[in-house]
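Engineer: I'll drop the sequence and a predicted model, then ask my questions.
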Amino acid sequence: MNLSPLNSPVLSVRDLHVAFGDTEAVHGLSFDIHRGETLALVGESGSGKSATALSILRLIEREGGRIASGEIRINGTQPAEITTLGASQLRALRGDRIAMIFQEPMTSLNPVMTIGAQICETLSLHLGLRGRAAHDAALTALERVKIPDPERRLNQYPHELSGGLRQRVMIAMALTCEPEVLIADEPTTALDVTTQAEILKLIASLQKDMGMAVLFITHDLGVVDEIADRVVVLKDGCKVEEGFTSTLFAAPNAPYTKELMAASPRLGEGAPVPLNVTETVLRVRNLTTAYGGGLFSRQSAVAAVSDVSIELGRGETLGLVGESGCGKSTLARSIMRLVEPSAGEIELRGHRIDGLSRAALKPHRADIQMVFQDPYASLNPRMSIRDVVTEPAFLHGLVDYQGRRDLALDLLSRVGLTSDAVDRFAHQFSGGQRQRICIARALSVKPKIIVADEAVSALDVSNARRITELLADIQQRDGVSMLFISHDIAVVERVSHRIAVMLKGEIVETGPTGQVLNNPQHAYTKRLLSAVPRLDRAQAVSGTSGIRSLAPALSAVIALNGGASYDRTLDEYKFDGY
Amino acid sequence: MIPYLARVVVKSVVTLFAIFTVTFIATRLSGNPIDTFLGEGLTTEGREELIRYFQLDASLWQQYLAFLRGAMSGEFGLSFIDRRPVTQVVGDRLWASGQLLLASVGLTVLVAIPLGVLGAIYRKSWVGSAVMMIAFAGYAMPSFILSILMVLTFSYWLNWLPVVGNSTLLHFIMPTIAMSGVLVAALTRFTRNAMLDALGQDFIRTARAKGLRESRVVLRHGLGNAGVTVISVIGLQVAGLAAAGSVVVENIFSWPGIGQLLVNSALERDYPVLQFGVITVAIAVVVINAITDIAYAFADPRIRLAHS
């Protein structure tokens, strides 16, 4: 039998406790990863999954946390207990035997060093390669992750590369020393679906070639289903469930896993029934917005949005989907006149607002409000929540100074926040709560249209679900129209009556949601749809793909070993009162 | 890179031209030089002859063109006191000031950058607090107070260091420290803040995950990025020092530099020297700024490549 090498895990974590100051973030977590296996660590933000990932390389000590107790053991050729390693042995391990890639490819590379220099750094450190040899090895590393034109990339700086290419560089860098374990901390969360699909495929195929173990951290169950052999579900620093991906998704045991699965947006879940639009609140005709091309610029203007026409009915949600950089946000900002469109007409409730002066525009601004992507950056940290949510109403003269508190209380209750929030500040709230505050702020001027620009993209599935439900409630109650912008088609499907698909500044397809998604006409829409990770795939094709062929074998091994870890999971699970 | 350099050069030339013009206008605003400098005892014929001789009867426009022509060929006139070309008078002093400036900048960089880095790494321990205390103390102490305290201690009481002139290396110690004081304080604080910012970035975590030594993480990745901010601060501070900072210190230590010359020529109303001294300092500031811009581009590829 060739099962013997699978017997001992490459990495085993036992009873890990991680603390930040006096607060414990991870409470006694245990799991194993075997060679050639992908283990997904799933949970909402704050569940301790990143803390766990950072603990394995003991990078947590640099992020203000510490490993309070527990064991992290790497086996293989030279077994070692990571929690007790000295500094130099730990460094020798990092990047060589255990490598890591991070969530933000845009900021995880050093902006003042060339790609080549950053890869060569690892090569010279762990393999002692210098000069020509290092250059060639770096080139090989880039070729391995299928970066086009690798020779040129070596001399480029990170800012010259797109997000997807940067993440490929990160992967190339992590894999230069052919590590035994790769830790991927939300590596595709910041990427759009088509890029995400490519990166996931890349990681899977590299894993197959190199036989390394992958610890994949994510909050996206669709991604888990796509890539993982086994899953560990975390909640509040405790393991609530562990199992093979297919079995776990087919029959989740823990109520929390069920909750998480229910919250995950799934393509094909059904969209709101198209409305009989009686009144058009927004009509955009032939809108074009160009950047650059000024008087002294040698480059001609680049149209970020070109010749776009859309309509939005009262109480209707129009979903706008497309990759990052396709012009979705520019379109939204042009409609709100936050950037100046270069041509076209914008008609808001029967009034042309393109070409209006700032002063003439002001009364119309109350009709159309925006909720932005990053709830952490869109709230002034020095203003109390009362002032934050009532500022637009105050500026538009809808409320006087005395009335602000009452209005704030009313708005907060409408977005499901308690009244004690009113005197607090933005940093005291979680991401989901902050996005509620942003929505309350938008509601303060009784807008007719809310533009939600990637409003749930920064939130984990459960919070995203709650926010979209809140938006739907508000729409039903107040008859607000929405322009819902997202790169996540599954989310868009859930909220939108109609969908517009955007590619390179143009709308390539538009129509009722069900029609566009079930019978896409444009090639790009088809490609976009096929890239979406699907949660329902496991039931259908479990164990058939090459990547997950190890799963049945592994299952046999664990059964032979008595399945100890599963029993413990169940105990913990009862102990935690689920 | 080439378009960027061209831009820096054009910017510098335009600035210089503006400075020449403003200097010219400012000096003409101060009235007829003959009345001010030669004063009483001049006959009407003698006065007119002098006016003709100095071409002061020509229109302002012609005078301006003459001034620019002179400037192009390096002629800025004669000193009233020395009767030598002002270029020579100022030139004699240039190197002395330059030496002091270079020594101060060198000392500042050597002291402030390590202090700033230490302050950032050990921000939570006593080391960081001590660094910040030194920085605040330096910031609060004007250079003339520091100079006087040093002169009092090391020359008057201890008799270790010479006070006047620039003949030996020992002469450099006190003026250099006096000039650097405020600069060290400012640069330490900027370096510390820039380092704190850089060390909190995601790519620092990437560098650590590679297994790099902490020293390399801090210096190559941390300081490499903080350097962009630090360079711009050094440039600004040095330009400021070249423009005004040296006047006080050079006078206290009788340093034969441009600062002292400027003060003396203003007191003696030697306007040609003053005018050319100001132009020299202005050129120095423009050159330092140009060098800063170029260094900035070298430190940050985003700037270097954005314009090409």
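Structural biologist: Good, I have the coordinates.
Engineer: Quick check: the residue in chain B that chain A sits nearest to vs residue A:89, distance?
Structural biologist: The nearest approach of chain B to chain A comes at residue B:211, 3.5 Å away (Cβ to the nearest Cβ). C-beta here means a position set from N, CA and C on the backbone, and glycine is covered the same way. Noted for residue B:211: a distance of 10 Å to residue A:89, by Cβ to Cβ, to the nearest Å.
Engineer: So for those two, which residue has more residues nearby?
Structural biologist: residue B:211 (23 against 13; other Cβ atoms under 10 Å in any protein chain shown).
Engineer: Spit out the contact partners of that one.
Structural biologist: A:90, A:91, A:92, A:93, A:94, A:95, A:96, A:122, A:125, A:126 (Cβ atoms under 8 Å, 6 or more residues apart in numbering or on different chains).
Engineer: Would you agree residue A:74 is in contact with residue A:97?
Structural biologist: Yes: counting by Cβ atoms under 8 Å, residue A:74 does reach residue A:97; the two are 6.4 Å apart.
Engineer: any shared contact partners between the two?
Structural biologist: A:180, A:181.
Engineer: How confident was the prediction at the residue of the stretch 151-300 of chain A found nearest chain B?
Structural biologist: Chain B sits closest to residue A:157 of the stretch 151-300 of chain A, with a gap of 4.2 Å, by Cβ to the nearest Cβ. Residue A:157 is assigned 90 on the pLDDT scale.
Engineer: any idea how far it lies from residue A:116?
Structural biologist: 10 Å.
Engineer: One more: residue B:222?
Structural biologist: Taken as Cβ to Cβ, the span from residue B:222 to residue A:116 is 20 Å.
Engineer: The two - which one has more neighbours?
Structural biologist: Using other Cβ under 10 Å, the more surrounded residue of residue B:222 and residue A:116 is residue B:222, with 27 against 20.
Engineer: dump the residue contacts of the more buried one.
Structural biologist: Counted by Cβ under 8 Å, 6+ apart, residue B:222 has contacts B:117, B:120, B:195, B:198, B:199, B:204.
Engineer: Between those residues, identify the one with the most neighbours.
Structural biologist: Counting by other Cβ under 10 Å, top hit in those: residue B:195 with 26 neighbours.
Engineer: Give me every residue in the stretch 151-300 of chain B lying close to chain A.
Structural biologist: B:201-203, B:205-213, B:220-221, B:224-225, B:227-228, B:299-300 (Cβ under 8 Å from any Cβ of the partner chain).
Engineer: so what's the closest residue to chain B within chain A closest to, chain neighbours aside?
Structural biologist: For chain A, the residue closest to chain B is residue A:94, as judged by Cβ to the nearest Cβ, at 3.5 Å. Leaving aside its chain neighbours, residue A:94 sits nearest to residue B:211 (3.5 Å; criterion: Cβ to Cβ, 6 or more residues apart in numbering or on different chains).
Engineer: now swap in residue B:77 and tell me
Structural biologist: Of all residues not flanking residue B:77 in the chain, residue B:272 sits nearest, at 4.2 Å (Cβ to Cβ, 6+ apart).
Engineer: Is that neighbour in contact with residue B:76, as I believe?
Structural biologist: Yes: Residue B:272 is within contact range of residue B:76, at 6.5 Å (criterion: Cβ under 8 Å).
Engineer: got a list of what the nearest residue to residue B:247 once chain neighbours are set aside touches?
Structural biologist: Spatial nearest neighbour of residue B:247, excluding adjacent residues (Cβ to Cβ, 6+ apart): residue B:259 at 3.9 Å. Counting by Cβ under 8 Å, 6+ apart, residue B:259 makes contact with B:97, B:246, B:247, B:248, B:249, B:250, B:251.
Engineer: Recalculate using a threshold of 7 Å.
Structural biologist: B:97, B:246, B:247, B:250, B:251 (Cβ atoms under 7 Å, 6 or more residues apart in numbering or on different chains).
Engineer: where are the low-confidence patches of chain A?
Structural biologist: Low-confidence segments of chain A (pLDDT under 70): A:1-7, A:292-300, A:535-578.
Engineer: near chain B, which residues of it?
Structural biologist: A:57, A:59, A:62, A:91-96, A:100, A:102, A:104, A:107-113, A:121-122, A:125-126, A:157, A:159-160 (Cβ under 7 Å from any Cβ of the partner chain).
Engineer: Can you show me the CA trace of the helix or strand where residue A:117 lies as CSV?
Structural biologist: Using DSSP states H and E, residue A:117 maps to helix A:115-122. Output of helix A:115-122 as CSV, limited to C-alpha atoms (Å, rounded to 0.1, in the frame of the first residue of the first chain):
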residue,chain,number,x,y,z
ILE,A,115,10.4,41.7,-8.2
GLY,A,116,13.7,40.0,-9.0
ALA,A,117,15.5,41.4,-6.0
GLN,A,118,12.7,40.3,-3.7
ILE,A,119,12.8,36.7,-5.1
CYS,A,120,16.6,36.6,-5.0
GLU,A,121,16.6,37.6,-1.4
THR,A,122,14.9,34.3,-0.5
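Engineer: centroid residue for chain B?
Structural biologist: residue B:242 (1.6 Å; Cα atoms, centre = their mean).
Engineer: Give the burial count for the residue nearest to residue A:19 when sequence neighbours are not counted, as a bare number.
Structural biologist: Take residue A:19 and drop its neighbours on the chain: the residue closest to it by Cβ to Cβ, 6+ apart is residue A:68, 4.5 Å away. The burial count assigned to residue A:68 is 15, neighbours taken as other Cβ under 10 Å.
Engineer: what residues go with each domain of chain A?
Structural biologist: Here the domain parsing of chain A from automatic domain parsing is A:8-264, A:275-367+A:450-455+A:480-534.
Engineer: ok now the first one, how far from the chain's centre?
Structural biologist: This means domain A:8-264. 15 Å (Cα atoms, centre = their mean, to the nearest Å).
Engineer: got it, and the shortest one?
Structural biologist: Chain-centre distance of domain A:275-367+A:450-455+A:480-534: 22 Å, with Cα atoms, centre = their mean.
Engineer: How about the residue nearest the centre of chain A, nearest residue that isn't a chain neighbour?
Structural biologist: Geometric centre of chain A, nearest residue: residue A:189, 3.1 Å, by Cα atoms, centre = their mean. Excluding its sequence neighbours, the residue lying closest to residue A:189 (Cβ to Cβ, 6+ apart) is residue A:103, at 5.4 Å.
Engineer: Got phi/psi on that neighbour?
Structural biologist: phi -70, psi -50 (degrees, to the nearest 10).
Engineer: Give me the neighbour count for it.
Structural biologist: Around residue A:103 there are 20 residues (other Cβ under 10 Å).
Engineer: and it, what does it touch?
Structural biologist: A:185, A:186, A:187, A:189, A:190.
Engineer: Can you list the buried residues in stretch B:10-24?
Structural biologist: Going by neighbour count (16 or more other Cβ atoms under 10 Å in any protein chain shown), the buried part of stretch B:10-24 is B:12, B:15, B:16, B:19, B:20, B:23, B:24.
Engineer: The fourth one and residue B:284 touch, don't they?
Structural biologist: No: counting by Cβ atoms under 7 Å, residue B:19 sits too far from residue B:284 to count as a contact (11.2 Å).
Engineer: just to revisit the earlier point, joint contacts of residue B:272 and residue B:76?
Structural biologist: residue B:86.
Engineer: can you pull the contacts of residue B:60?
Structural biologist: Taking Cβ under 7 Å, 6+ apart as the test, what residue B:60 contacts is residue B:28.
Engineer: try 10 Å this time
Structural biologist: B:24, B:25, B:28 (Cβ atoms under 10 Å, 6 or more residues apart in numbering or on different chains).
Engineer: Which residues are in contact with the second one?
Structural biologist: For residue B:25, the contacting residues are B:60, B:64, taking Cβ under 10 Å, 6+ apart as the criterion.
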